[in-house]
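# With the sequence up front, the predicted model follows.
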Amino acid sequence: MDSMESLTNLASARRSKLFALLGEDIGAVISCDLPTKNYLSGYYSMNDTYSSYLSAAVATRDRTALAGC
């Protein structure tokens, strides 16, 4: 398993844990908070160090997408 696959598996496990705690009523979570975004997506970027670059994680039970502004 390479490092990217490992991060993907970790993000999937974290997402499952979060949505299990939230219950069936919540279908998606959107966060631009850096630690939460990293927790949900497993993605870390140098762009996160620049305050002028905004991004968010949009997580559902099945996947996470990153959106930049």
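Perfect, I can see it now. Owing to the predicted nature of the structure, the values given are computational and were not obtained by experimental measurement. Numbers count the residues shown, from 1 in each chain.
# can you give me the helices in this protein?
Using DSSP state H, the helices of the chain run over 3-22, 34-41.
# for those, which one ends up most surrounded?
helix 34-41 (a mean of 18; mean count of other C-beta atoms under 10 Å). All C-beta spots, glycine's among them, are computed from the backbone N, C-alpha and C.
# Can you spell out which helices and strands pack onto it?
helix 3-22, strand 28-31, strand 55-60, strand 64-68 (3 or more C-beta pairs under 8 Å, 6 or more residues apart in numbering; DSSP states H and E).
# Same list, the ones you listed, but as JSON lines with mean pLDDT and distance to residue 42 please.
Listed next are the helices and strands packed on helix 34-41 as JSON lines, based on pLDDT from 0 to 100; distance: least, C-beta to C-beta, whole Å:
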{"stretch": "helix 3-22", "mean pLDDT": "86", "distance to residue 42": "3"}
{"stretch": "strand 28-31", "mean pLDDT": "94", "distance to residue 42": "14"}
{"stretch": "strand 55-60", "mean pLDDT": "91", "distance to residue 42": "10"}
{"stretch": "strand 64-68", "mean pLDDT": "88", "distance to residue 42": "8"}
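# Which of these sits closest to residue 37?
Distance to residue 37, taken as C-beta to C-beta, is lowest for strand 55-60 among the helices and strands packed on helix 34-41, at 4.2 Å.
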